[in-house]
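K.L.:
Output the structure for:
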Amino acid sequence: MSLKCVIVEDQTMFLQMLHNVLAGTPGLEVVATAQTEAAGIAACEKHLPDILVLDLALPDGHGVGVARRLAQLKPASKTLILSGEASTFVCPSDLQDHVHAVLDKTQAFDDLAVEIKTLLPTARGGSTALPEARVRQKLSEREYEIFELIGRGLMSKEIGEKLAISTQTVQTHRKNIAEKLGTSGGELVHQAVRHYHATLGTKM
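P.N.:
Alright, predicted model coming up:
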């Protein structure tokens, strides 16, 4: 089954180029394109895409509003942000778990293809769960607890509320967990989910 993708980009030529690149990606279906914040939100509400490719500079508002709406509609979805100022962009705290990557618009096509592939089912299914012993050995008790909660689908804010710690502290733990397990932020979620399901039977 293909993942659904919505592209929001105000420049017509760039939008068409993005569409051509992504439409030819196996496992991905571009279900809609939009050139404004309002149209982007409407497309997300209609199609509930798995992936949102989003330009931040839109004529009627900031692209973050589209990402925030999709995160509300479909928490498991991911947004890839395109920006001419990617190096200075600061992701809002409530979207830390939703935004998969922030890409420089000048290098968008090469980087976008790589990031998209990490989100496709074939890429996610190609890796196996990390061995339980390895995870236990590398992580502290608190880190392991957070790793399991990530695997259960909880966002950083929800994990913080459950453990009575700040969202910022959870995000710091996530960064440390990713470093210890030799993975990236986006792949960490996939590893946590695989690990949770692989060990579920031993905890019942």
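K.L.:
Next secondary structure after the helix or strand of the chain with the lowest mean pLDDT?
P.N.:
When each helix and strand of the chain is scored by mean pLDDT, DSSP states H and E, helix 121-126 comes last, with a mean of 49. Remark: after helix 121-126, the chain's next helix or strand is helix 132-138, criterion DSSP states H and E.
K.L.:
name the helices or strands packed onto that next one?
P.N.:
With contacts taken as 3 or more Cβ pairs under 8 Å, 6 or more residues apart in numbering; DSSP states H and E, helix 132-138 sits against helix 141-151, helix 167-181, helix 185-199. Using the backbone N, CA and C atoms, a C-beta is placed for each residue, glycine as well.
K.L.:
Out of those helices, which gets the lowest mean score?
P.N.:
Note on these: helix 185-199 shows the lowest mean pLDDT, a mean of 72.
K.L.:
got a list of contacts for that helix?
P.N.:
By Cβ atoms under 8 Å, 6 or more residues apart in numbering, the surrounding residues in contact with helix 185-199 are 78, 97, 100-101, 115, 118-119, 124, 127-130, 132, 135, 147-148, 150-153, 174-175, 177-178, 181, 183.
K.L.:
Put the buried members of these into a ChimeraX selection.
P.N.:
In ChimeraX syntax, the buried subset of these is picked out as below (16 or more other Cβ atoms under 10 Å):
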select :78,97,100,101,115,119,129,130,135,147,148,150,151,174,177,178,181,183
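K.L.:
Quick check: phi and psi on Leu80?
P.N.:
phi -110, psi 120 (degrees, to the nearest 10).
K.L.:
How about the contacts made by it?
P.N.:
51-54, 99-103, 112, 115-116 are the contacts of Leu80 under Cβ under 8 Å, 6+ apart.
K.L.:
Now with 7 Å, please.
P.N.:
51, 53-54, 100-101, 103, 112, 115 (Cβ atoms under 7 Å, 6 or more residues apart in numbering).
K.L.:
go on, Ile116?
P.N.:
Ile116 neighbours (Cβ under 7 Å, 6+ apart): 22, 25, 28.
K.L.:
Could you measure from it over to Ile146?
P.N.:
To Ile146, Ile116 is 27 Å away according to Cβ to Cβ, to the nearest Å.
K.L.:
So what touches stretch 2-11?
P.N.:
Here stretch 2-11 has contacts from 15, 18-19, 22, 27-36, 40, 43-44, 47, 49-55, 57-59, 63, 66, 119-121, using Cβ under 7 Å, 6+ apart.
K.L.:
coming back round to it: point out the least confident member of the contacts of Ile116, please.
P.N.:
Lowest confidence among the contacts of Ile116: Thr25, with 82.
K.L.:
For Asn176, give its distance to His98.
P.N.:
21 Å.
K.L.:
Neighbour count for these two, which is higher?
P.N.:
A side-by-side neighbour count of Asn176 and His98, using other Cβ atoms under 10 Å, places His98 first with 21 against 15.
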